[in-house]
Structures are given as C-alpha cells and as structure tokens.
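Undergrad: 3D model of this:
(one chain, ligands or ions: 2)
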Amino acid sequence: MPIDGWLEALPGPESPTSSRDVADDVALFAGREHPLLPVRTVHHQVARLSAHLLGLGSAGAPGVSGAMDDGLRRALIGYSLYTRQLDMVQDRATKHICRDGCERPPLGCCNRSHNVVFSLSDIMMQHPTGLALRMGDALARLQAEEGTHHAHGAPMGERGCPYLTATGCTLHLFKSPLCVHYLCPTVADALNAAHGPEAVPFVAGMRRAANRQLERSSDFMDPGLIEAAVRMFAADGGAGNGGEGRLGGGASGNA
Ligand code: SF4
Ligand code: SF4
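TA: Ligands and ions are numbered 1, 2, ... in the order given. Next up is the predicted model:
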C-alpha cells in the first residue's frame, strides 16, 4: 500500500509511541469511528503522522520553534484518516471512470488551482478561522512532501496541477477538500447508473462538500459521506465485512 510506504518514510522517532503526545493522539483516534479502516491501520497512521507533525514545529515547518499544538495536529490527522477512506471509496467507485472515461483528457479536472485550499480571494470572502487557515497552510506543505514521495522522481506539474504526473495524482492523504470531494457530471451520472437510488445521498453529499465554503476546520470533511458510500456499495452486495474488506478496488485515476 503506497500510503503506508510514505508514512514509514516520514522522519520521526523509531518508536513513535514513546512520545506522550503521540500516545495521546493514538488513544484519541482509537476511540473514534473509521468505518473502512482496520484498527491497526488507524494506529499506524496516527502514530507516524503525529510524530512527524510534532517534529515540524508550531507552524508546520521544520526549524520553527515550539511543538505543533494539539488542535492543529489532530485536525490534520483526522483529515488524513477521512481522506484515506474517501480515497478507498474512489478507488472502487470512480477512479476507473477518470482513467478510462474522462471527457477532458489528459488533464481532466486537475487544473492549476484545485489543490489550493485557500486562495487570497477565499480568505477575503470566507473569513476562515485561525485554525482553518493554519490547516490550509499545513496542508500545502504536506502536499509537497506526499507528492514528492509518490512521484518517485517522475515529472510533476508539467501541465495542470503541480501534483499531477503522467500516471495520475500523487496525493492520497492531503488532497485539498475540493479535490477529495469533486465529482464531475460524467462521474455523477456513472455512479447513479451503477448504483441507482442508493447513489443519490453519496453524490449529493460529495457535491455539497465540494462547494462548501471553508470557514472552520470541521468544514474540511463530512464523515457522513463514508457511511453513505458504504450503504451505496452494500446495496449491490459490495460491502459487509469490517475494515478494508468493506470495499474492494484498486484502480488509479487522477482524482
Ligand atoms: S472527475 Fe475529473 S478526471 Fe474524473 S472523469 Fe471527471 S473531469 Fe475527468
Ligand atoms: S486530484 Fe490530485 S492531480 Fe488532480 S487537482 Fe487534485 S491534487 Fe492535483
């Protein structure tokens, strides 16, 4: 799994759970629902990211004094667990459409700005909270780290988004909220055709989330979408086990 490869490569202590802050983060997220992720996956992701974020300092950048505060660190970790589950949903449900059926090849919807969380005009118009702004800033730095790792030296951003390579998107955990929720009409129609009425709540929820103004950190995600996806797949017999067994998939597109 490429995500675990990146997590393993992150700078951090050999034994991340030796830090009290990391152990507290692991315990906090162990008590939350992650319908598509096995317990060991959540534990590993939280421990690796927590240790890494603590090492990045208060502003989410190396060399800045002071540890990253609990609120920002946990908002970023929670977002990464959410996007990992949505990535699994898209592996199964949408990436094959982007790969084989996109009406706008080769870029699709991956233009130069979809990866950006807050543009200057967003900041002026939406008045995001301090935590939301810092989250957007930290996401930009984490996108650069994750994208560089997953590109494996391939050119990124030759056309369109800076994280797009010839083989697709290099981000899994730290895509922008727009990228993780975006469904074009082609994909929405395909989901409705494949899953019937059970697709409606998922498609509508994704569109709402993609269009939502980001004022608070909680606006970055909609956990109800994961359950909507599980119900959508369950209706055609594709879900029912625990953890990653609740979804199959593995296709890779640009979304
Ligand atoms: S979501 Fe984007 S990449 Fe996928 S089919 Fe639609 S336009 Fe193409
Ligand atoms: S899905 Fe990936 S490649 Fe496409 S715009 Fe978003 S970050 Fe860029």
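
Undergrad: can you pull the contacts of Gln143?
TA: Contact criterion CB atoms under 8 Å, 6 or more residues apart in numbering gives Asn115, Tyr163, Leu171, Phe174, Lys175, Ser176 as the residues in contact with Gln143. Just so you know, the C-beta spots here come from the backbone N, C-alpha and C atoms, and that holds for glycine as well.

Undergrad: go again using 10 Å as the cut-off
TA: Under the criterion of CB atoms under 10 Å, 6 or more residues apart in numbering, the neighbours of Gln143 are Asn115, Val116, Val117, Pro162, Tyr163, Thr170, Leu171, Leu173, Phe174, Lys175, Ser176, Cys179.

Undergrad: how about the second one, secondary structure?
TA: Classification of Val116 by DSSP: H, G, I helix; E, B strand; the rest coil places it in coil.

Undergrad: chain neighbours aside, what residue packs nearest to it?
TA: With CB to CB, 6 or more residues apart in numbering as the criterion, Val116 has its nearest non-adjacent residue at 6.5 Å, and that residue is Ser176.

Undergrad: thought Ala140 was touching the one you found, still the case?
TA: Yes: taking contact to mean CB atoms under 10 Å, the distance of 8.9 Å between Ser176 and Ala140 places them in contact.

Undergrad: mind listing the shared neighbours of the two?
TA: Here Ser176 and Ala140 have Asn115, Val116, Val117, Phe118 as joint contacts, going by CB under 10 Å, 6+ apart.

Undergrad: number of nearby residues for the closest residue to the third one other than its chain neighbours?
TA: The one in question is Val117. Residue nearest to Val117 in three dimensions, not counting chain neighbours: Gly136, with 3.5 Å by CB to CB, 6+ apart. Around Gly136 there are 21 other residues, counting by other CB atoms under 10 Å.

Undergrad: now Gly136: which helix or strand?
TA: For Gly136, the host element (DSSP states H and E) is helix 130-151.

Undergrad: say whether ligand 2 is contacted by that helix.
TA: No: with CB under 6 Å from any ligand atom as the criterion, ligand 2 is not reached by helix 130-151; the gap is at least 7.0 Å.

Undergrad: so after that helix, what's the next helix or strand?
TA: Scanning forward in sequence from helix 130-151 by DSSP H and E, the next helix or strand is strand 164-165.

Undergrad: ok, the helix or strand containing Asp100 near ligand 2 or not?
TA: Taking DSSP H and E as the criterion, the element that holds Asp100 is helix 95-101. No: if you take CB under 6 Å from any ligand atom as the test, helix 95-101 misses ligand 2, and the best it gets is 8.9 Å.

Undergrad: buried residues in that helix?
TA: In terms of neighbour count (16 or more other CB atoms under 10 Å), helix 95-101 has its buried residues at Lys95, His96, Ile97, Cys98, Arg99.

Undergrad: the next helix-or-strand element following it: which residues count as buried?
TA: Remark: after helix 95-101, the chain's next helix or strand is helix 120-126, criterion DSSP H and E. Residues of helix 120-126 classed as buried: Asp122, Gln126 (neighbour count, 16+ other CB under 10 Å).
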